[in-house]
Every structure is written in C-alpha cells, then in structure tokens.
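Chemist: fold the following.
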Amino acid sequence: MIKTLGEMLSLAIKGHENCEIGDYELKRPSPSYSIDTIRYYKSLYGDNILLYWLIGSDSIEQLNQWHEITSLIDECNLVTMYRAGYKKPDFSKYKTLWGTERINKLEKNIIQTPLINISSSQIRQAIAEGKDVTKILHPDVAEYIAKHGLYKLKNNK
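Modeler: Next up is the predicted model:
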C-alpha cells in the first residue's frame with residue numbers, strides 16, 4: 001500500500017520541481033513526532049532550509065497536545081489551511097501559552113484554501129461506487145486508480 005501511495009503522490013506533484021516526497025515518517029518506529037521529522041530534514045538539508053508543515057484548520061484544537069509544539073512553531077513554518085466545515089483558523093487562545101511572536105507567525109502562515117467539503121473517505125467511496133472523480137483528483141492520479149482497480153468494492157470487481 002505504501003508503494004501505491006508513493007506512486008500516486010509522485011503523479012500528483014509531477015512537474016513541481018520544488019516538491020519532494022519523503023518516507024522518513026513511514027520508516028520511523030511509533031510514535032513519530034512532527035518535530036523529529038523537521039529536525040531530520042534540517043540535518044539533511046541544513047538549518048537554513050525553509051520547511052513548511054501543512055495542517056488543516058481542524059487540527060488547531062489539538063495543537064496544544066502536540067509533542068514539542070512550540071519547538072515545531074519555532075523550527076519550521078507551520079501552515080494552516082482552511083477546511084470546509086471548520087471555523088476560520090484562530091490561534092488567539094494560545095497567546096498566553098506560546099507568546100505573541102509565535103501567534104503572529106502562525107497567523108502569517110494561514111492559507112485561505114477553497115472550501116471543498118469532501119474527505120478522502122468520501123472520494124474512496126465514490127470510486128468504489130463507480131462514480132467519476134476526475135474533477136476532484138489530479139487526472140493522472142484518477143487514471144492510476146482506475147488502471148490498478150483501487151478502492152473498488154470487493155463484490156464490484
């Protein structure tokens with residue numbers, strides 16, 4: 001399954017020369033923490049590399065429970081994307097915990113993405129039901145899924 005995901009990710013980022021797929025977290029024993037991954041890539045590429053860690057706005061409520069969250073905010077650009085069905089990203093409640101400078105950094109790294117109200121589970125279900133997903137997936141990824149018969153219901157081969 002990991003190989004298949006890697007192949008689909010490769011298709012999705014094809015042509016974007018500044019994007020790279022890394023499997024570091026997949027190879028690590030559990031638990032795997034985001035800060036460890038950031039530090040690994042900094043050791044690989046140097047401390048001056050700009051690293052971005054993307055999260056959805058649905059993750060904000062749990063950020064205070066993330067392992068070494070303040071270090072993560074300090075050592076990379078923690079980027080929050082809007083997510084359909086969730087409130088606009090708001091970090092103000094963490095100001096006392098993390099300080100104004102970190103909150104400003106988080107607020108600067110908010111991306112207002114299109115609010116598409118669909119989950120990966122819904123996409124897999126649509127594929128299983130034989131529905132057209134070419135408008136919601138990268139065309140090469142949709143073609144790969146169809147070619148390899150992925151996500152089909154067992155009785156719908």
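
Chemist: now the strands for this structure?
Modeler: 52-56, 77-81, 110-111 (DSSP state E).

Chemist: wait, which of those strands is closest to Ala126?
Modeler: When these are compared by CB to CB, strand 52-56 sits nearest Ala126, at 20.2 Å. No exception for glycine: its C-beta is placed from N, CA and C like everyone else's.

Chemist: got the angle for that closest one vs strand 77-81?
Modeler: Relative orientation of strand 52-56 versus strand 77-81 (axes from the mean of the first three to the mean of the last three CA atoms, to 10 degrees): 30 degrees.

Chemist: got the contact list for strand 52-56?
Modeler: 34, 38, 63, 72, 76-81, 83, 86, 109 (CB atoms under 8 Å, 6 or more residues apart in numbering).

Chemist: may I see the PyMOL selection of the buried members of those residues?
Modeler: In PyMOL, this line selects whichever of those come out buried by 16 or more other CB atoms under 10 Å:
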select buried, resi 34+38+63+72+76+78+80+81+83+109
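
Chemist: low-confidence ranges, the chain, go.
Modeler: 1-2, 153-157 (pLDDT under 70).

Chemist: quick check, central residue of it?
Modeler: Leu54 (5.2 Å; CA atoms, centre = their mean).

Chemist: please report how far it lies from Gly6.
Modeler: 18 Å (CB to CB, to the nearest Å).
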